[in-house]
Structures are given as C-alpha cells and as structure tokens.
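Engineer: What follows is a predicted protein model with its sequence.
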Amino acid sequence: AADKINLIPQDFFAELCEQIIQHLNHKIPGVNTAELCQRIQMSGIEINVGDLAKIANIVSFLFSTAARNNLSTEELVTTLGNAVSTLPKHAVQVIRHVWNEQGKSLSAEDARNLAAVGQFVDIKWKLGVAMSSDTCRSLKYPYVTVMLKVADPSGQITDKSFEMTIPQFKNFFRQFKEMAAVLETV
C-alpha cells in the first residue's frame with residue numbers, strides 16, 4: 001500500500017484523511033473513494049478505486065487504533081516510524097497534521113463503538129415497464145428498480161441495486177410501514 005500512497009498527491013491524501021476522521025466522528029456516513037479516485041485520475045494519476053479503498057481502510061484502522069489507545073500526535077508518528085519505514089514522508093506529514101488538528105475530536109469511546117454493520121446513505125428508485133423481449137412480443141411487465149448507497153463499516157461507500165416485481169415491492173413497502181409503526185412507539 002505504501003507504493004500506492006506514494007502516487008497520491010499530498011492534497012488528495014489530506015482530503016482522504018480528513019474524510020476518514022469525519023467518518024469516525026460520525027459527521028459523514030462514509031468516504032466516497034469512487035468520487036475521490038475519479039478526481040485523482042482526472043489530475044493525471046493512475047490509481048484504481050480498489051487500491052484507494054485499501055489505503056482508506058489502512059488509514060481508518062490507523063486513526064481508530066490511535067484513538068482507542070489515546071495516542072498523542074508524537075506517539076502516533078513515533079509508532080508509525082517504528083512500524084512502517086516505507087511510508088512516504090509526505091504521508092507521515094499529512095497524518096501528523098490531520099491527527100494533530102482533528103484527532104482530539106475522536107474519542108476512544110467512539111473508536112470502540114464503531115458499528116460492525118453498514119450505514120444507509122441514500123436511496124433512489126424508478127418504476128419501469130418491460131415492453132417486450134426476444135422470446136415474448138408483448139410483456140407489459142412493471143417493475144421497480146431500487147438503488148441503495150451504503151457505507152460499509154470501514155466507511156467505503158458502495159452502490160447496491162436490485163429490481164422487484166410489483167408484489168415484491170408491495171411486501172417491501174408493507175415491511176417499511178411496520179418498521180415506521182414500531183418506531184412511533186419508541
């Protein structure tokens with residue numbers, strides 16, 4: 001991962017680190033590595049979203065571990081220097097700066113209580129009608145497409161989509177109404 005971190009310009013790496021701290025502080029639902037990767041690529045750097053996601057996971061683990069152990073900035077940098085000799089100098093400087101500025105806001109309690117499940121970010125849907133296919137001339141088959149944006153426990157935002165028939169959608173809707181009714185009693 002250190003060789004991939006070397007590819008990322010300092011300003012983009014700083015943005016990644018700041019987004020990770022914000023995620024760990026529950027200020028944003030996750031880190032949009034796909035969007036950041038696209039911007040890095042547009043600046044002329046060749047990196048793929050999978051590598052950037054791995055880097056984000058490593059930095060997230062680093063910050064959450066530092067918070068759990070209540071490390072000061074100097075303790076974090078010293079630990080990094082002892083454990084990871086191949087980490088690029090600019091990356092260590094960014095980590096030092098971000099931890100010094102924002103690390104105090106991340107409590108050990110928050111770091112321990114990070115959910116082990118994903119977090120809902122956004123939902124989009126559309127209604128469609130399949131008119132015909134190569135085996136059937138007149139389908140007129142309605143369906144609902146749902147696109148979910150979810151942040152996994154490490155903060156990586158992913159898109160999930162699925163289609164439902166109208167009866168499946170009605171069941172889905174009924175279950176949401178049941179959840180809403182239960183929430184009203186809380």
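Structural biologist: Received, thanks.

Engineer: Every contact and neighbour count from this point should use C-alpha atoms.
Structural biologist: Noted.

Engineer: Helix, strand, or coil at the residue lying farthest from the centre of the chain?
Structural biologist: Within the chain, the residue lying farthest from the chain centre (C-alpha atoms, centre = their mean) is residue 137, at 43.0 Å. Here residue 137 is coil, with the state taken from DSSP: H, G, I helix; E, B strand; the rest coil.

Engineer: Distance of the residue nearest the centre of the chain relative to residue 119?
Structural biologist: Nearest to the geometric centre of the chain sits residue 156, at 2.1 Å (C-alpha atoms, centre = their mean). Using C-alpha to C-alpha, to the nearest Å, residue 156 is found at 10 Å from residue 119.

Engineer: Could I have the CA atoms of stretch 43-60 written out in CSV?
Structural biologist: The C-alpha atoms that make up stretch 43-60 are tabulated as CSV, following Å, rounded to 0.1, in the frame of the first residue of the first chain:
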residue,chain,number,x,y,z
SER,A,43,-5.4,15.0,-12.3
GLY,A,44,-3.3,12.5,-14.3
ILE,A,45,-2.5,10.0,-11.5
GLU,A,46,-3.2,6.3,-12.4
ILE,A,47,-4.8,4.6,-9.4
ASN,A,48,-7.8,2.4,-9.2
VAL,A,49,-10.7,2.6,-6.7
GLY,A,50,-9.8,-0.8,-5.1
ASP,A,51,-6.3,0.4,-4.2
LEU,A,52,-7.7,3.7,-2.9
ALA,A,53,-10.2,1.8,-0.8
LYS,A,54,-7.4,-0.3,0.7
ILE,A,55,-5.5,2.8,1.6
ALA,A,56,-8.6,4.3,3.2
ASN,A,57,-9.1,1.1,5.2
ILE,A,58,-5.5,1.2,6.4
VAL,A,59,-5.7,4.9,7.4
SER,A,60,-9.1,4.3,9.1
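
Engineer: how much space is there between residue 91 and residue 122?
Structural biologist: 32 Å.

Engineer: what about these two, which has more around it?
Structural biologist: Between residue 91 and residue 122, counting by other C-alpha atoms under 10 Å, residue 91 is the more crowded of the two (19 against 12).

Engineer: May I have the one helix or strand the more buried one maps to as CSV, with CA atoms only?
Structural biologist: According to DSSP states H and E, residue 91 maps onto helix 89-102. Listed next in CSV are the C-alpha coordinates belonging to helix 89-102 (Å, rounded to 0.1, in the frame of the first residue of the first chain):
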residue,chain,number,x,y,z
LYS,A,89,7.4,11.2,4.1
HIS,A,90,4.5,13.4,2.7
ALA,A,91,2.0,10.8,4.0
VAL,A,92,3.5,10.9,7.5
GLN,A,93,3.4,14.7,7.5
VAL,A,94,-0.3,14.6,6.5
ILE,A,95,-1.2,12.0,9.1
ARG,A,96,0.7,14.1,11.7
HIS,A,97,-1.1,17.3,10.7
VAL,A,98,-4.6,15.7,10.5
TRP,A,99,-4.2,13.9,13.8
ASN,A,100,-2.8,17.0,15.5
GLU,A,101,-5.7,19.1,14.2
GLN,A,102,-8.7,16.7,14.4
